Structures are given as structure tokens and as C-alpha cells.
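J.: Starting from these lines, generate the structure:
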Amino acid sequence: MPINVTQSYLPPLEDYVRYLTGIWERVYLTNAGPLVVELEQRLKDTLGVKHCFFVNNGTIALQIAIKALQLAGEVLTTPFSYVATTSSLVWEGCTPVFVDINPHTLCIDPDLLEAHITPRTVGIMATHVYGNPCDVETIEAIAKRHNLRVIYDAAHAFGVTYKGSSVLNFGDISTLSFHATKLFHTGEGGGIITNDDELAHRISYMRNFGHNGPEAFWGVGVNGKSSELHAAIGLCVLPKVPELIAKRRMLSERYDFLLNSTQCVRPMLQPHTAYNYSYYPIVLPSEEVLLRVRDNLNRHEITPRRYFYPSLNTLNYVKPQPAPVSEDISHRVLCLPLYYDLEVSQVEKIAQFVNEVI
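T.: Numbering: from 1, shown residues only. Prediction:
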């Protein structure tokens, strides 16, 4: 049976049907329905954050965050992330300025940030790569010193805590992805997190076309709303998250034990982090070795993913900028399969197929 890099967790069908029965009875599918409101409240309680807005995908979450902070100019950002981190900036008319990554944590290198600040710099957009927190304290200090706003792309960081607090509590805004492949998901969806009441007020209008009642408008907005059907999936998955993390942790530790640790280097976790095991990336000695590993796994119907690849500073719609660490890592990093229904015996086979070609 083929093994993909990830597989969505599906809750018991009867759980979802119970929510569907209520939806059918109410005949209310969208526009801040009761399940959306319930999911937002339960997410706030679970994550320990003040404001949470459930939106229809993780990219619109980034775009609304940029608009809410009124960023217009240069934004310092990471070249090592999913493409949405860069494309959302470009889409919203900002200029991404790439700051290279730390070769050990793979997050943006805070020691390089200030050298890239110009009079046109308005903000920082960093990614908690694979759920590994950025150096949030150093970034916060730099942002305050230069009056910059901070957005964290926290698409991978659901449930991650740093020094006992949700990592989502750092920065002006954090954004989440609830895509079907994520640890917590709603099929499609995303989240916007902020502890700032004024920003929350703005976001509440922006994600609903700017509506202020049926016949008035607060200002410009977009359709960032999600539906009762998606909220219902989230309400089914949310109680399972501790169990999902525990299984991923067990499988990750099995990989750690089985893989050749001198050839498969793991990113260094930020100290004081309670991790969510959202991915299992390995950094191999060279791209040549990576391709041998990938091809060997493919021969056995196993599909790992080159993630993140390519380095975003090489995209054809951004101004070329150097980021040698990110470019090097992107050619050598491979995510191995990791998901709730993956079996230990499958992890053992995957590790065997990796080890035999490195």
C-alpha cells in the first residue's frame, strides 16, 4: 500500500454526522453560524489566546494580517517557508526582503535582521518552521527598537508552547493553517490570532467584506469567512489533538532511534519548547544523497516531500537576493511520512530504505 508524506486524520463519521444533523435542522450554512462561533471559542480556550478568527484558508489569514497592520513597504521575511509566506506579501503589494535562516533551527536568523532594515522597512514576517518557534524574544526586541510590526506564519505551530505559553501569543498577529494535511484541520481553513483589541476589531470587519450590518460598511474587506461544514470537522478533530500529538511523538522517536543519525541531521529545537511533532524533516549531506533517498523510497511506493523547496528568494517574481544557507538547506532537506495512522512497522521500513542508500 502506498505511503504518502502525510494523510489527513478523519474523526469517527458518526461524530461528524451529529453536527450535520444540527446543520440540516437549522438550515444555516455560513455567515458566523453557531458552529463557527463555538469553534472559535474552543480554539481560544485550548490555545490560551485572546482573539481567534476562523477563516477559509491559511493564505487569506496572512493577507488579512498584512492589511490589518496596514503594511506598505519592505517586509523582512524568511526564504525558508511555504510559498504562501512570500506570495501573500507580493499579492498585498509589499516588497519581501529575505533574511537568511539559522542553519540549526532553520528559522529566520535574528542576528541578520538589523542589517536588512532600511527607512522603507515596515514589518517582519517570520515562520515557525515545522512548528519550531523562532527566536521570538530577540525578534520582539528588534521590532520595538525599530518600530516594526511582526506577523508570525504559524501554519505548523498549532499547540506549540514556548516557556509555557502558546507561541501564538508572540508578535502582533499569528496566522494558522487548518488545511487537511495539518495536525489540527477543518478540511480547508485557517486562523488569525491576536491579543490586540484594536487589531481584532479591524480583522472582524475585514474578513466579512467590511460589513457593518446588512446595509452599511466599516471599510474595505474580503470574504475570509468559513462555513458550518468546515467548523463541524474542526469541532470533531479538536478533542483528538493531544492523542494525535502523542502518536506523532512516538513515531518520531522511532525514526530518531532507527535512522543513521550522522547522515540524517535533525533541526535543532528552540529551548523551552513543547513541540507538536507536525513534521519529520531530515537534512542530508548533499542533494545527490537526497535524490538517492527519495528515489529509493519511491521505488517502494513511499512518497516523501522536498519541503521546503525551492528557497523562496529564487522565485521568479521576486527580486533576486542572496540567502545561501536557505538555498543550501532547501536542496538537502526531505520530510519523511508522518501522520496519525502511520504504523510503527511502516516507519521501520522507511528508515531501512533511507539507511540503505546513505
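J.: any chance you could map the helices in the stretch 1-150 of the chain?
T.: For the stretch 1-150 of the chain, the helices defined by DSSP state H, counting those that start in this stretch occupy 13-26, 34-47, 58-68, 83-91, 136-146.
J.: which one of those is the most hemmed in?
T.: Per residue and on average, the most neighbours among the helices of the stretch 1-150 of the chain fall to helix 58-68, with a mean of 25 (mean count of other Cβ atoms under 10 Å). Backbone N, C-alpha and C define where each C-beta goes, glycine included.
J.: now the angle between helix 83-91 and it, please.
T.: Here helix 58-68 runs at an angle of 40 degrees relative to helix 83-91 (axes from the mean of the first three to the mean of the last three Cα atoms, to 10 degrees).
J.: Which residues are in contact with the closest residue to residue 356 other than its chain neighbours?
T.: What sits nearest to residue 356 in space, not counting adjacent residues and going by Cβ to Cβ, 6 or more residues apart in numbering, is residue 296, at 7.0 Å. Taking Cβ atoms under 8 Å, 6 or more residues apart in numbering as the criterion, residue 296 is in contact with 353-354, 356-357.
J.: Which strand in the chain has the most residues?
T.: Identified as the longest strand of the chain according to DSSP state E is strand 121-127.
J.: So which other helices or strands are in contact with that one?
T.: In terms of contacts (3 or more Cβ pairs under 8 Å, 6 or more residues apart in numbering; DSSP states H and E), strand 121-127 is packed against strand 74-77, helix 83-91, helix 136-146, strand 149-153.
J.: Strand partners (parallel or antiparallel) of it?
T.: Here strand 121-127 has these sheet partners by DSSP bridges: strand 74-77 (parallel), strand 149-153 (parallel).
J.: Name the residues that touch it?
T.: 62, 66, 69, 71-78, 80-82, 85, 89, 94, 96-97, 107-108, 113, 134, 139, 142-143, 146, 148-156.
J.: make it 6 Å
T.: The contact list for strand 121-127 (Cβ atoms under 6 Å, 6 or more residues apart in numbering) reads 71, 73-78, 81, 85, 108, 134, 148-153.
J.: Where do the helices of the stretch 251-358 of the chain begin and end?
T.: Using DSSP H, counting those that start in this stretch, helices in the stretch 251-358 of the chain cover 287-299, 324-332, 344-355.
J.: if you average pLDDT over the first one, what comes out?
T.: Read it as helix 287-299. For helix 287-299, mean pLDDT is 98.
J.: For the closest residue to residue 301 other than its chain neighbours, grab phi and psi.
T.: Nearest non-adjacent residue to residue 301, counting by Cβ to Cβ, 6+ apart: residue 2, 4.3 Å away. In terms of degrees, to the nearest 10, the main-chain angles of residue 2 are phi -60, psi 150.
J.: Next, work out how far apart residue 2 and residue 129 are.
T.: 27 Å (Cβ to Cβ, to the nearest Å).
J.: Look at these two and report which has more neighbours.
T.: Taking residue 2 and residue 129 together and counting by other Cβ atoms under 10 Å, residue 129 has the greater number of neighbours (28 against 8).
J.: so that one touches residue 107, yeah?
T.: Yes - Residue 129 is within contact range of residue 107, at 5.1 Å (criterion: Cβ atoms under 6 Å).
J.: Tell me which residue of the chain is furthest from the middle?
T.: Among residues of the chain, the one most distant from the C-alpha centroid is residue 215; the distance is 35.9 Å, by Cα atoms, centre = their mean.
J.: can you confirm that residue is in a helix?
T.: No - counting by DSSP: H, G, I helix; E, B strand; the rest coil, residue 215 is located in no helix; its state is coil.
J.: got the contact list for the residue nearest to the spatial centre of the chain?
T.: Nearest residue to the geometric centre of the chain (Cα atoms, centre = their mean): residue 155, 1.5 Å. Neighbour list for residue 155: 58, 177 [criterion: Cβ under 6 Å, 6+ apart].
J.: Can you say which of the helices and strands packed on strand 121-127 is nearest to residue 14?
T.: When those are compared by Cβ to Cβ, helix 83-91 sits nearest residue 14, at 34.3 Å.
J.: what comes into contact with that closest one?
T.: Counting by Cβ under 6 Å, 6+ apart, 59, 62-63, 75, 96, 127, 153, 312 sit against helix 83-91.
J.: cutoff 8 Å now
T.: 58-59, 62-63, 66, 75, 77-79, 95-96, 125, 127, 153, 155, 312, 315, 317-318.
J.: how many neighbours does the nearest residue to residue 281 once chain neighbours are set aside have?
T.: Closest residue in space to residue 281, ignoring its immediate chain neighbours: residue 335 at 5.0 Å, by Cβ to Cβ, 6+ apart. Residues near residue 335, counting by other Cβ under 10 Å, number 18.
J.: ok, residue 57 to residue 50 distance?
T.: 23 Å.
J.: Compare those two and say which is more crowded by neighbours.
T.: Per other Cβ under 10 Å, whichever of residue 57 and residue 50 has more neighbours is residue 57, with 18 against 13.
J.: and the more buried one, what is it in contact with?
T.: Applying Cβ under 8 Å, 6+ apart, we find residue 57 in contact with 177, 179, 188-190.
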